[in-house]
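Asker: Task: produce atomic coordinates for the following.
(chains A, B and C)
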Amino acid sequence: MPDIKPVISIKNVEKSYYGNKVLKGVSLDVMPGEIHALCGENGAGKSTLMNILFGMPVIHMTGGFEGIIEMDGQEVHILNPRQAMEHGIGMVHQEFMLIPGFTIAENIKLNREPLRPNLLGRLFGEKLMSLDTLTMKSDARTALNRLGLDVDENLPVDGLPVGYMQFVEIAREIDKKNIRLLVFDEPTAVLTESEAEKLLDAMKRLAAGGVGILFITHRLDEVMQAADKITILRDGTQIKTLNKADTTAKEIATLMVGREVEMRQKERAEQEEAPEGGREIAMSIRNLRVDMPGERVLGIDLDLYKGEILGLGGLAGQGKIGVANGIMGTYPTSGEIIVGGQELKLNSPKSSIAAGIAFVSEDRRGVGLVPDTSIELNMTIPAMVNQGRFLRHIGPLSQIARQEIRENAEKYIQELDIRCTGPRQAVRRLSGGNQQKVCIARALVLAPDILLISEPTRGIDIGAKSLVLDTVDRLNREQGLTVLMTSSELAELRLICDRIAIVTDGKVIDILPPDAPDADFGLAMSGVPVGTQSGGAAD
Amino acid sequence: MSNVKTILKNIGAARLIIILFLFSLIIAAAGVGQSMSVLASDSLVRFGMNLVLTLAMVPAVMSGTGMNFGLPVGILCGILGGLTSIELGGTGMGGLVLAIAVALPISAVAGYLYGRLLNMVKGSEMMIGTYVGYSMVSIMCIGWLLMPFKNPSMVWPIAGRGLRTTISMDSSFGSVLDKLWAFQIGGLTVPTGLILFSLFMCLLVYLFTKSKTGIAMAASGDNPRFAEASGISVNRSRIIGTMLSTMLAAVGIVVYAQSFGFMQLYQAPLNMAFAPVAAALLGGASTSKIKISHVIIGTILFQSLLTIALPVANVLMPEGNLSEVIRLIVSNGIILFALTQAGGGRE
Amino acid sequence: MSNNINTPKEGDMGSKVKGFLVTNIVPIVFSVVCLIGVYYSGSSIPIILMDVVSRFNRNAILVLSLIIPILSGMGLNFGIVLGAMSGQIALFMVTVMKMSGLPGVLLAMLLSIPFAIVFGYFTGRLLNKTKGQEMITGMILGFFANGLYQLLFLYVLGGIIKIDAPNLMIGSGVGVRATIDLAPMKYALDRFTIMNISTEVDIFTAMMVFGAVFALFYGVRLFVKKETELALKAKLGLSIIAIAVGAVCVNMESLRQWRALVKVPLLSYSLILLVCLLIPAILRTKLGQDLRAVGQNMGVSSVAGIHVDRTRIVAICISTVLAAIGQIIFLQNMGNISTYNAHENVGMFSAAAILIGGATVSKATVGQALLGTLLFHLLFNVSPMAGKNLFGSAEIGEYFRVFIAYGIIAVALALYAWKQTMQAKAQLEQD
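Answerer: Numbering: from 1, shown residues only, chains lettered A, B, ... in the order given. As a prediction, the model looks like this:
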């Protein structure tokens, strides 16, 4: 029997960014014709691994990586994306890399157009040679046929259904003659169910033709349907590589989420377990739909009880981030939200603030702060504009009340331990953690009844992380503040939340207690509601 | 040493070059025997007469619409106010006040409409502003020909209709501000009223930026997404900024004209936006950030430069108009430099 | 997978006409305005035509030079002012060398190319630094370059570089006169004679000549290369009709005035035709494909390995070179250079012309450029007279045409920006 070598063999790869180890020895082989699924939560190391595979500059600018990559048994050094292409590694992007006004054929052959000489070309070189449109079309046709896509290659891409665009992307990759390994990064994220079926079929068809496929996805049903082997990563560690035949979706889910360190369980979770009906509802959400690009919410029903911390978890891009933005009205929203018995006017941040809701955005620099303005003004602008506070009025005219603003800032700087040179420092110059504290202070200055806080610990260091979480916890406990906390880090949700709702595909799949089994969280994240419906979600 | 470095960094390379250039011009001017006190007097007057026009950049930049290249829109309203005042026989301080009083409501309406337009074309405000300004100037050229003004000092004497290209203000309210409380020290004439009035406008704008509306406007310009999430209407803030800028331009041209002694009609306002833009940028503003101090410093530098360059250029190069060439290169060079600094270069 | 893509439905006649009206609203409106202008100007058709034929000759290549930057996503290239300057510098050099006639003009074109490429390169570099603000940068760059240009012609030439041409220089020998006389080169291209036969012919002969050229071109494609497109046959038919009409009219006594007044310079028009063919030819090459890709999406192009910045620089260089040649054609027709003004409005007038032809900030064709040049200059010709007859003041007509030039640019830019914001919104909604 001839010795079949893996298309690609990743051996014990490690990578750190600035002393922070994000890949801790990952090894995997993809054989010709094999579909190898790569599963893991956000931050598990999938994208770092892909960056290494494609020789992205970010890897080499941060000191390269440890370990060996072999292709067909030969060690290779991939220093830039072009070399990856030359080695026959192709990528189907999550967002479409297509030129809208070009035809399907032109897109498939983008920057790899076959040329034929002409007068100008002979005089001035290759750039002025004519395009060989006939060969372009026939090449495109061949690639589309390999995928089983029956569409006119002369149509412009603009106006094609999304699913077709995905196929054009794939056709472009397989048209590269030397393609050996094809990476699919969440390819079904934007597809309808039937389109996704067809995509999986096409993947199998390509694999049958001898191409190795790396399939990154969170949809465990798709993994079970298409993959031959599954590698699970968690926090940069390779947890396990399994044959599909030997495993179940539940096992994969458990392995994906895992239990990180022994967690400090939330004490009150048990103590305050009040009967369902007896708790006062602070905010009631019905059929919420939010048009936030990349985080679309497609109809959510949720009740937020007074005095609780409700967590919103789920994988990136599934819509959890959209919920708070919808309540706040920062993205187009429909549905019904009732706060304190009153129906909230949607799509109006002003009304949301007036209803006693304050928002700490996930996008600190983009939405949370006015970067070149002082700490003191950052904390007080919404209160000035919406509540008329921190102002001195002179007839119809007004002037800011400097003294009051200064005192307010000093109070919060002390309370939240914001490290700065003083209240007048521009927030741009603060570290991420301190900027986050300014955002929290700004929300608190509004004296809200409900605090929406999204990704509160993203991009800040460990010390600041626990301080931020402690602050939220303390405000909740001492002042009875109702909190809706959105986070990609399940561990931190489980640390301080009373209940955790998992959002997948724009819907609440399940509401779980913080001490629910790992498998329940993992399955909920992949879209399978197995957990007990532990209240909250209105049926 | 590090202090010197931070000071240099704060001044900025471009400004440093201009300051050095200015100094060498001053030395050259002294060298060719120009009277320093005359030059200083001229510089003071030009500073005063241009300050309000430059100040008009403040609300525009603050509200996030960038430099107001559509300044001619406001300037035309100011001219209209001035003409109305002359037509009604306004003289002296009363004439000036009347001119401003007529110009303000017109410019408020024009600024509102212009602001509405700018809200539809976010991201291209400066280019569109330029051409809106140009279009308005050319349509008003027709307007000047057709408007029913009757005052013989303004209308072409022979045809009996159609406004003159330049209208002398000697008999109306020319130099009222310049002469108000003016005094002399040595050979230096200080146009006290003019300077005080212009600085007073700066103070008003400063107070506005510290009001509730002003703070909301600045937040909209600095970070529109923050503003929206904080319950501030960004579009409204931008309209307010554009209106204020247009109104300041209207006041600015009245102040300018009374000092200059003439109302200039037809093609004259066409490129009047560029000098104030350049002055503000020279003072340290950018297309997204501006302070009143930038406006004051920039106007002093820019106008002194032009004032002092003129006699020097005339001595060095008697033929041709070197100071006009310098104005072209300096002002447009500064704007180009600012454009390259305003981001871009991304793919 | 079955092919279930909706192809645009064959609409009924009514919706087709409506669609045509909507897409071509700008040229249609301006055609109407022009017709009104022609009517009220009170001039006779041949006199108007005479002027328009020569204005078209002067301006067509300048307008055509805008197409490639538009398709490369850089908007209206107001930086063609630098191309015009290159042409003027080259013409000045040729005049100093005392060249004359067609060789002088051709040498000027040749000399202008390196200048235009260098200027285009720097313009491109600058525009790459100001992506998203290319148009205002180009415009301000034009003003800035104008300052440098004046410095060059007023002080450097004669002051630092000694020029031995007293007829060109101001009395003191420093600085170039405000007007450079191009008499030795005037009409060198337009009225070129071969063996005593002038290549400037009356309009009907020109129709026959160009009709024949096109008929030959389409005939070869149809009958020798055996291409079968229906459009080709129609075009062949049109060419033959043009020959026929020309042949009939050239002999009609009643059109004698037309023949006497309306003269078409064949050589210049051939050059315009050449540029008209060259631009689509470039667009069909690899370079053209890159230009269009970059124009539509820089990010995707970059990921596909296209050198975005370099491609944009090439686009600007081509545009600048074409503008230089266009300006030389313009000036040889004028017969003199207004040293300090000739280039000033080149960018603005060309931009207005192409927009009137129906182009937008992101789409333009050769046909739109030509139609726009025609309409814009027709308007320029008739508006003073129409203004005088309608309002009793020729000035009103003059200001009106300036307003049209500025206004059309303002409206086109505003509509384009507005559409972009709307599209961005729609994108968000369906994303």
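Asker: residues in contact with A:Glu153?
Answerer: A:103-105, A:108, A:137, A:140-141, A:144 (CB atoms under 8 Å, 6 or more residues apart in numbering or on different chains). C-betas here are computed from N, CA, C, even on glycine.
Asker: Which of those fall in strands?
Answerer: Using DSSP state E, no member of these sits in strands.
Asker: hey, what's A:Val339 bridged with?
Answerer: Taking DSSP bridges as the rule, A:Val339 bridges to A:Met283, A:Gln342.
Asker: Could you report the neighbour count for it?
Answerer: Residues lying near A:Val339 (other CB atoms under 10 Å in any protein chain shown) number 22.
Asker: looking at it, it is touching A:Met283, isn't it?
Answerer: Yes: the criterion here is CB atoms under 8 Å, and A:Val339 meets it with A:Met283 at 5.0 Å.
Asker: if I look at the two, which residues touch both of them?
Answerer: Joint contacts of A:Val339 and A:Met283 (CB under 8 Å, 6+ apart) are A:357, A:450.
Asker: any idea which element residue 256 lies in?
Answerer: No chain was given, so I picked chain A. Per DSSP states H and E: A:Met256 is located in helix A:249-257.
Asker: oops, chain C please
Answerer: helix C:256-261.
Asker: Can you give the contact residues for the helix or strand that comes right after that helix?
Answerer: For helix C:256-261, the succeeding helix or strand toward the C-terminus, using DSSP H and E, is strand C:263-265. Strand C:263-265 is contacted by residues C:50, C:53, C:57, C:187, C:189-192, C:199-203, C:205-206 when judged by CB under 8 Å, 6+ apart.
Asker: Looking from chain C, tell me which residue of the stretch 301-450 of chain A is nearest.
Answerer: A:Pro332 (7.4 Å; CB to the nearest CB).
Asker: max-length helix in the chain?
Answerer: No chain was given, so I picked chain A. If you go by DSSP state H, chain A has its longest helix at helix A:462-479.
Asker: I was thinking of chain B, sorry if that wasn't clear
Answerer: Per DSSP H, chain B has its longest helix at helix B:92-120.
Asker: What's the local residue count around the residue in the stretch 251-400 of chain A that chain C sits nearest to?
Answerer: Nearest residue of the stretch 251-400 of chain A to chain C (CB to the nearest CB) works out as A:Pro293 at 4.6 Å. By other CB under 10 Å, 12 other residues sit near A:Pro293.
Asker: Which helix or strand contains the nearest residue to C:Ile36 once chain neighbours are set aside?
Answerer: Computed as CB to CB, 6 or more residues apart in numbering or on different chains, the closest residue to C:Ile36 that is not its neighbour in sequence is C:Ala386, at 7.4 Å. Using DSSP H and E, C:Ala386 falls within helix C:366-391.
Asker: other SSEs contacting that helix?
Answerer: helix C:25-41, helix C:45-64, helix C:266-283, helix C:346-356, helix C:394-430 (3 or more CB pairs under 8 Å, 6 or more residues apart in numbering or on different chains; DSSP states H and E).
Asker: let's see 6 Å
Answerer: Here helix C:366-391 touches helix C:25-41, helix C:45-64, helix C:346-356, helix C:394-430, going by 3 or more CB pairs under 6 Å, 6 or more residues apart in numbering or on different chains; DSSP states H and E.
Asker: Tell me which residues of it come out buried.
Answerer: C:366, C:368-388, C:390-391 (16 or more other CB atoms under 10 Å in any protein chain shown).
Asker: One more: stretch B:166-175?
Answerer: Quick answer for stretch B:166-175 (16+ other CB under 10 Å): B:167, B:169, B:172-175.
Asker: what does stretch C:253-264 give?
Answerer: Per 16+ other CB under 10 Å, stretch C:253-264 contains these buried residues: C:255, C:258-259, C:261-264.
Asker: and that stretch, how far apart are its ends?
Answerer: 19 Å (CA to CA, to the nearest Å).
Asker: can you list the residues of chain B near chain A?
Answerer: Neighbours of chain A within chain B, by CB under 6 Å from any CB of the partner chain: B:210-212, B:216, B:219, B:222-223, B:225-226, B:229-232.
Asker: Stretch A:135-152 vs chain C: in contact?
Answerer: Yes: contact of stretch A:135-152 with chain C (CB under 6 Å from any CB) involves A:149-151.
Asker: what's the average pLDDT for that stretch?
Answerer: The average pLDDT within stretch A:135-152 is 88.
Asker: can you give me the offset of it from its chain's centre?
Answerer: Its chain's average C-alpha position is 33 Å from that of stretch A:135-152, according to CA atoms, centre = their mean, to the nearest Å.
Asker: swap in stretch C:206-222?
Answerer: For stretch C:206-222, the distance to the chain centre is 23 Å (CA atoms, centre = their mean).
Asker: ok, now stretch B:193-201?
Answerer: So, by CA atoms, centre = their mean, the centroid of stretch B:193-201 is 14 Å from its chain's centroid.
Asker: Please export the alpha-carbon coordinates of stretch C:92-111; CSV is fine.
Answerer: Provided in CSV are the C-alpha atoms of stretch C:92-111 (Å, rounded to 0.1, in the frame of the first residue of the first chain):
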residue,chain,number,x,y,z
PHE,C,92,6.8,77.2,-24.0
MET,C,93,10.0,75.1,-24.5
VAL,C,94,9.1,74.5,-28.1
THR,C,95,8.5,78.2,-28.7
VAL,C,96,11.9,79.0,-27.2
MET,C,97,13.4,76.5,-29.6
LYS,C,98,11.7,78.5,-32.3
MET,C,99,10.0,75.4,-33.7
SER,C,100,6.9,75.9,-35.8
GLY,C,101,4.2,74.0,-37.6
LEU,C,102,3.2,70.4,-37.1
PRO,C,103,6.7,69.3,-36.0
GLY,C,104,6.5,71.9,-33.2
VAL,C,105,3.2,70.7,-32.0
LEU,C,106,4.2,67.1,-32.1
LEU,C,107,7.5,67.8,-30.3
ALA,C,108,5.5,69.7,-27.7
MET,C,109,3.3,66.7,-27.2
LEU,C,110,6.3,64.5,-26.8
LEU,C,111,8.0,66.9,-24.4
